[in-house]
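Peer 1: I need the structure of the sequence given here:
(2 chains)
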Amino acid sequence: GENVEQHPSTLSVQEGDSAVIKCTYSDSASNYFPWYKQELGKGPQLIIDIRSNVGEKKDQRIAVTLNKTAKHFSLHITETQPEDSAVYFCAAMDSGTYKYIFGTGTRLKVLA
Amino acid sequence: GAGVSQSPSNKVTEKGKDVELRCDPISGHTALYWYRQSLGQGLEFLIYFQGNSAPDKSGLPSDRFSAERTGGSVSTLTIQRTQQEDSAVYLCASTPGGDTEAFFGQGTRLTVV
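Peer 2: Coordinates of the predicted model:
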């Protein structure tokens, strides 16, 4: 089955700087990789996703890159703002069962 | 409804009691997931329902935990003889099936005293 590792577990950046969170996965057949943001007291919400036929995807200040050969994908947040402070989870979808497997999360703090 | 609804939002129970947590998925969503999130931790997979297939129960931590999904819609997670280590936020998510976005509820915060 799929296994997802996520690093770092915590990340502090100055407002305006960039933040990068990295994940690796084990199932080479996985083809869907979403990223979720969880604010305090709320359930996770999708912020961006990427499929295996695409190497990069951008949405304003957020981008995700996928390296299928190395089986890793990354979230990039540019021009960080205090409201970006949250816990971010990467996930991969097991190709056989369509079960979501989540990384362990990254707590991002943007310092004003 | 507009999203995934979970009830209750908070539950305090005494050690040894049974509890039931409810999840109302988005109408028409065939896949439903339960996760457990301990304080400051990640999302621990518990169980996954997909359509009429047998559920994937591989994440249930012990036989005190069970879940059912009636009529392909509402799901109930039951924890019998609760222990203090069961204290956590229990999150439910649903998807239309396949490789698509999962929509999460707000969670049920369970505290076992």
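Peer 1: Distance check, the residue positioned nearest the centre of chain B against chain A.
Peer 2: Geometric centre of chain B, nearest residue: B:Trp34, 3.5 Å, by Cα atoms, centre = their mean. Distance, B:Trp34 to chain A, using Cβ to the nearest Cβ, to the nearest Å: 11 Å. (Each C-beta comes from the backbone N, C-alpha and C, glycine too.)
Peer 1: That residue touches B:Ala67, doesn't it?
Peer 2: Yes: B:Trp34 lies in contact with B:Ala67 (Cβ atoms under 8 Å); the separation is 6.0 Å.
Peer 1: Which residues are in contact with each of those two?
Peer 2: Common neighbours of B:Trp34 and B:Ala67, using Cβ atoms under 8 Å, 6 or more residues apart in numbering or on different chains, are B:46-47, B:75, B:77.
Peer 1: The closest residue to the residue nearest to the centre of chain B other than its chain neighbours and chain A: what is the separation?
Peer 2: Spatial nearest neighbour of B:Trp34, chain neighbours left out: B:Leu46 (4.2 Å); criterion: Cβ to Cβ, 6 or more residues apart in numbering or on different chains. B:Leu46 sits 11 Å away from chain A, going by Cβ to the nearest Cβ.
Peer 1: which helices and strands sit right next to the helix or strand that contains B:Leu46?
Peer 2: Following DSSP states H and E, one finds B:Leu46 within strand B:44-50. The contact analysis (3 or more Cβ pairs under 8 Å, 6 or more residues apart in numbering or on different chains; DSSP states H and E) places strand B:44-50 against strand A:100-102, strand B:31-37, strand B:65-69, strand B:75-79.
Peer 1: Tabulate these (a markdown table), appending distance to B:Gly107 and mean pLDDT.
Peer 2: Below are the helices and strands packed on strand B:44-50 laid out as a markdown table (distance: least, Cβ to Cβ, whole Å; pLDDT from 0 to 100):
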| stretch | distance to B:Gly107 | mean pLDDT |
| --- | --- | --- |
| strand A:100-102 | 14 | 90 |
| strand B:31-37 | 7 | 96 |
| strand B:65-69 | 15 | 97 |
| strand B:75-79 | 12 | 98 |
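Peer 1: Let me see the contact set for residue 102.
Peer 2: Picking chain A for this. Listed by Cβ under 8 Å, 6+ apart, the contact partners of A:Phe102 are A:4, A:36, A:89-91, B:35, B:42-43, B:45.
Peer 1: Chain B was what I was after
Peer 2: Taking Cβ under 8 Å, 6+ apart, we find B:Ala102 in contact with A:34, A:36, A:46, A:91, A:100, B:33, B:93-95.
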